[in-house]
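Engineer: Build me a model from this:
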Amino acid sequence: MERDSFLYKVRRKCQVIAHKVVSNEAMSKLYFKIVLHKQLNLDNPQTFNEKIQWMKLYYYPKNPLVVNGSDKFAVRDYIEKKGYGNKLVPLLGVWDRAEDIDWDRLPDRFVLKCNHGCAYNIVVPDKSKLDKASTIKQLNTWLKEDFGAFNIELHYSAIKHHRITCEEFLGENITDYKFFCFNGKPHCIYVSTDLIHDRQAQIGFFYLDGKKMPLHRDDYTDIPEVTLPPFYDEMKQAAEVLCKDFPFVRVDFFIANNTWYFAELTFTPGAGMMPFNPESYDLEWGKMIDISGLRK
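Structural biologist: The predicted model follows:
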């Protein structure tokens, strides 16, 4: 569903209202039933999606590392401290209000983002063609939103300082390597192409050695094989370092211009409603997340 469609906007407003009047647990169970057609077991979570649901309700919002790691601006400090500051996409500016953006000082191409959620991005390949008034309006609308209210991702709600960042434009041809990491160890990768055009993207799941996994997403065209880049081992080593502090995290990197960059840390893929085909992977991956110590 397109973000600027009427139905999308109505759905968002309904989600915010429901978040204010219905308990987080009840809303999570409702969304889980609607999206995955299953009952959500929060008392004894076993599957990947159930454990992500449990953590986003009871653990993530209370963990400052998760909250800062979800903040698209604050996470930069975490990456610096882990020794990978040279892999951050160059930052061109940070503002609290869209009206404060100094357009004249920005290059011809750049990417604007809000720090407190997902898909708050505006890619600008040609500044001369940018509708600045519309862009300012959109950014300020996003700044006012509580992204965590939409799908009960409360760690986003815990981000109190909403900002706009501007990053260097990396080009039209960007590939995403996402490392799924369990209890401090990378397990597999999810490769996505054509990020600029999103729904034209092809995606595929692969083992760490590049072999294809029998796991698919039915809403995207599948990548049958992948040629690992020459710096793949560097990315894998970085993922190993960056995932150590978390029971689960997806460590994402961009590949562009014959090199790699840190993209983001993702703690709730699909908001804990990730479709698995085959479904057996939901339980298999769930067994790899140990939350026993978190529940005490």
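Engineer: Identify the residues contacting the residue nearest the centre of the chain.
Structural biologist: Most central in the chain under CA atoms, centre = their mean is Thr266, positioned 4.4 Å from the mean C-alpha point. Counting by CB atoms under 8 Å, 6 or more residues apart in numbering, Thr266 touches 178, 249-252. Where you see a C-beta, it was placed from the backbone N, CA and C, and this is true even at glycine.
Engineer: Same list (these) but as TSV, adding distance to His37.
Structural biologist: Output for the contacts of Thr266, formatted as TSV (distance: CB to CB, whole Å):
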residue	distance to His37
Lys178	25
Val249	27
Arg250	24
Val251	30
Asp252	28
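Engineer: In strands, which of these appear?
Structural biologist: Judged by DSSP state E, the contacts of Thr266 include 178, 249-252 as members of strands.
Engineer: Scan the chain for its longest helix.
Structural biologist: In terms of residue count, the longest helix belonging to the chain (DSSP state H) is helix 6-21.
Engineer: immediately after that one, which helix or strand?
Structural biologist: Downstream of helix 6-21, the next assigned helix or strand under DSSP states H and E is helix 24-36.
Engineer: Identify the residues contacting that next one?
Structural biologist: Taking CB under 8 Å, 6+ apart as the rule, helix 24-36 contacts 18-19, 22, 38-40, 42, 49, 53, 56-57, 151-152, 154, 271-273, 275.
Engineer: ditto for stretch 226-245
Structural biologist: Contacts for stretch 226-245 (CB under 8 Å, 6+ apart): 65, 79, 82-84, 87, 177, 179, 181, 184-186, 191, 204, 206, 208, 210, 212, 249, 251, 253, 255, 259-260, 262, 265.
Engineer: got the buried residues for the helix or strand bottoming out on mean pLDDT in the chain?
Structural biologist: In the chain, no helix or strand scores lower on mean pLDDT, DSSP states H and E than helix 6-21, which sits at a mean of 80. For helix 6-21, the neighbour count (16 or more other CB atoms under 10 Å) marks 15, 18-19 as buried.
Engineer: next one: stretch 125-141
Structural biologist: So, applying 16+ other CB under 10 Å, buried residues of stretch 125-141: 130, 135-136, 138-139.
Engineer: average pLDDT across it?
Structural biologist: Averaging pLDDT along stretch 125-141 gives 97.
Engineer: Could you check the angle the least confident helix or strand of the chain makes with helix 24-36?
Structural biologist: For helix 6-21 against helix 24-36, the angle by axes from the mean of the first three to the mean of the last three CA atoms, to 10 degrees is 150 degrees.
Engineer: Can you pull out the low-pLDDT segments for the stretch 151-296 of the chain?
Structural biologist: 194-201, 296 (pLDDT under 70).
Engineer: Show me where it has its strands.
Structural biologist: Using DSSP state E, counting those that start in this stretch, the strands found in the stretch 151-296 of the chain span residues 164-168, 175-182, 185-192, 202-207, 221-222, 248-256, 259-266.
Engineer: Generate a ChimeraX selection restricted to the buried subset of the contacts of helix 24-36.
Structural biologist: To isolate the buried members of the contacts of helix 24-36 in ChimeraX, using 16+ other CB under 10 Å:
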select :18,19,40,49,53,56,57,151,152,154,271,272,273
